[in-house]
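1. below is the structure, and that's it, no one-letter string:
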């Protein structure tokens, strides 16, 4: 069983973890957004990649969904006393990751090579691939604050500025990491995780070849990150509104409709099913919130069952 | 009262701290060796400078003499798990210092500006000056292991290779930090702390203008870092032997004899006094070990008393 998951941070990491736990022996590839990577205090930080890795390694903080378990903030305390920047909450253990990664990057290793090494060290059996080894920087265009680096918008300004659009700097020159297109082509199931379509999934789809590879697939399932017009976490719903879209599961399905074959949405959004079905996509209504680890496994199992039924020709109703 | 101290790491920091505590209202300038500074994991690390600052700020670990009080090593644990380098024991709080310093250096600030800012933040009233803003790198020439970067020799190889000499890379182009020569010129007392003459004091003396400024002074006191042929800490005695010098207080006085006017040595080395006196230097025998903070203050007070007697024309016997 070959599974490919496209993921941003917390929500994506949870569902990827669901597959990892539900099918420990499956060939799981997680393709992770790197558009929110940035350089801070000289450290190359890859928030989504780290969240996915920490989650699958069992090292993530279950309360926040990001950052590490048993984390301390002594370095940050020392930075604060010296008047250094503290808006990005760097934990001590997390710092270890950024220091080693930055050092290996300077030594000429690619981000994917480094990630592979880290996964081995952390005992992760799944293959976690950054979308590209070339840096891509998400720029948030805002109505009143100009163009903002993503983490500055996301963490420092807590997503408050009104968004008018996004640019993914460097995406034209970014190539998919070796193995990504092959993994998609040979996958039995591709899952677009419930991550932010605008800033987590869109950069992945923008890497040359990835969207085309998905369009060619017959078994691509997406899970809505919006439930009843709200995102469980993060600014997705706010972004839809500011960009003139309805913050709705239907809008998500619309963005993905050229390549998904099935769409999972919450029972709160059952009214969206009819239009989705008219696009030739199978809608499936369920409880899609992953409250805890059993919830992650349950959602993964559901998707696996639906996909196998779809492959078997039985359309769930 | 204007006091200038030349210092390396632990021993220098202790005596500088003695002056700082003995004369809190004095105008104290500590000129610190930066020849053992290095770049590690992308961080600019200044071990002697940090040891002096941490000590005067009351942030130093009293058990080791280096590193910080209440230090934790979570980042280092994380680095170790990822296979990163752990031979240099980076504590979490210490990391905060290196991260902010490295960031400010990249932004174009000089090391002396950064050090001044850090001292303000840490509440240090004394002026702590790196010997130079230009990097100087101590290279240790060894018999069997070739040329070694200082920290590699010092920390990783624990000073085991046999030394044949030293090169201070960059010292020709290094200028004294603004204020150093003026501080020496106007000082009532200059003290060469009991630091390693080969790798802590020698680089300071090698910065253009510093040795000449000391030669012009009438009140330069040095404290022997060797007691009965042994260093209290570090490889000084071993270096003397390997370089063909007697590991003795007399050798230290010999290295400094063109600019010191008084030399403090331990009662174990009383036999060296006669020759030192013949060089026109006043030897003074005392207990020069600083076992604890009162010991630091006691040694500082002793030097202050001797210096004022010398200025008053009374030669202590």
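-> Cool, the structure landed. Keep in mind that this is a model prediction, so the values were computed, not measured.

2. chain B contacts on chain A?
-> Counting by C-beta under 8 Å from any C-beta of the partner chain, the positions of chain A adjacent to chain B are A:41-43, A:71-72, A:74-79, A:81-84, A:91-97, A:99-100, A:102-103, A:106, A:117-118, A:121-122. Bear in mind the C-beta positions are built from the backbone N, C-alpha and C, glycine included.

3. ok, residue A:156 - how many residues close by?
-> By other C-beta atoms under 10 Å in any protein chain shown, the residues close to residue A:156 number 13.

4. how close does it sit to residue A:85?
-> Here residue A:156 is placed at a distance of 9 Å from residue A:85 (C-beta to C-beta, to the nearest Å).

5. check residue A:307 too.
-> Computed as C-beta to C-beta, the residue A:307 to residue A:85 distance reads 45 Å.

6. ok, these two, which is more surrounded?
-> Legend: neighbour count by other C-beta under 10 Å for residue A:307 and residue A:85, higher for residue A:307 (21 against 15).

7. spit out the contact partners of the more buried one.
-> Going by C-beta atoms under 8 Å, 6 or more residues apart in numbering or on different chains, residue A:307 touches A:188-189, A:219, A:221, A:262.

8. enumerate the positions of the host helix or strand of residue A:299 that are buried.
-> Under the criterion of DSSP states H and E, residue A:299 resides in helix A:293-311. Within helix A:293-311, the residues that count as buried by 16 or more other C-beta atoms under 10 Å in any protein chain shown are A:295-300, A:302-304, A:306-307, A:310.

9. could you say which helix or strand contains residue A:3?
-> According to DSSP H and E, residue A:3 maps onto strand A:2-7.

10. how about residue A:119?
-> helix A:111-121.

11. other SSEs contacting that helix?
-> Applying 3 or more C-beta pairs under 8 Å, 6 or more residues apart in numbering or on different chains; DSSP states H and E, we find helix A:111-121 packed against helix A:47-57, helix A:92-106, strand A:127-130.

12. centre of the chain versus the shortest one, how much separation?
-> Counting by C-alpha atoms, centre = their mean, to the nearest Å, strand A:127-130 is centred 11 Å from the centre of its parent chain.

13. coming back round to it: relative to chain B, which of the buried residues of helix A:293-311 is nearest.
-> Closest approach to chain B among the buried residues of helix A:293-311 (C-beta to the nearest C-beta): residue A:296, at 24.4 Å.

14. so how many other residues sit close to the closest residue to that closest one other than its chain neighbours?
-> Spatial nearest neighbour of residue A:296, chain neighbours left out: residue A:18 (3.4 Å); criterion: C-beta to C-beta, 6 or more residues apart in numbering or on different chains. Residue A:18 has 26 neighbouring residues, counting by other C-beta under 10 Å.

15. for the stretch 201-317 of chain A, what spans make up the helices?
-> Along the stretch 201-317 of chain A, counting by DSSP state H, counting those that start in this stretch, helices occupy A:202-206, A:210-215, A:236-242, A:249-256, A:273-278, A:293-311.

16. which helices and strands does the first one pack with?
-> Here helix A:202-206 is seen to pack against strand A:163-169, helix A:210-215 when contacts are counted using 3+ C-beta pairs under 8 Å, 6+ apart.

17. quick one: which of these is nearest residue B:289?
-> strand A:163-169 (60.3 Å; C-beta to C-beta).

18. so after that closest one, what's the next helix or strand?
-> helix A:180-186.

19. got a list of contacts for that next one?
-> Here helix A:180-186 makes contact (C-beta under 8 Å, 6+ apart) with A:2, A:4, A:29, A:31, A:127, A:129, A:131, A:190, A:207, A:209-210, A:213-214, A:216-217.

20. for that helix, buried residues please.
-> So, applying 16+ other C-beta under 10 Å, buried residues of helix A:180-186: A:180-181, A:183-184.

21. apart from its chain neighbours, what residue comes closest to residue A:144?
-> Here the residue nearest residue A:144, using C-beta to C-beta, 6+ apart, is residue A:161, at 6.2 Å.

22. hang on, the earlier thing: looking at the helix holding residue A:119 now, give me its mean pLDDT.
-> Averaging pLDDT along helix A:111-121 yields 98.

23. same thing with stretch A:189-199?
-> The average pLDDT for stretch A:189-199 rounds to 98.

24. just how off-centre is that stretch within its chain?
-> On C-alpha atoms, centre = their mean, the centre of stretch A:189-199 falls 6 Å from the chain's centre.

25. what is the end-to-end distance of it?
-> 23 Å (C-alpha to C-alpha, to the nearest Å).

26. again with stretch A:56-64
-> 15 Å.

27. buried ones in that stretch?
-> For stretch A:56-64, by 16+ other C-beta under 10 Å, it's A:56-57, A:59-61.

28. show me how far it is from its chain's centre.
-> On C-alpha atoms, centre = their mean, the centre of stretch A:56-64 falls 15 Å from that of its chain.

29. for stretch A:147-165, same thing?
-> In this view, stretch A:147-165 has its centroid 18 Å away from the chain centroid, taken as C-alpha atoms, centre = their mean.
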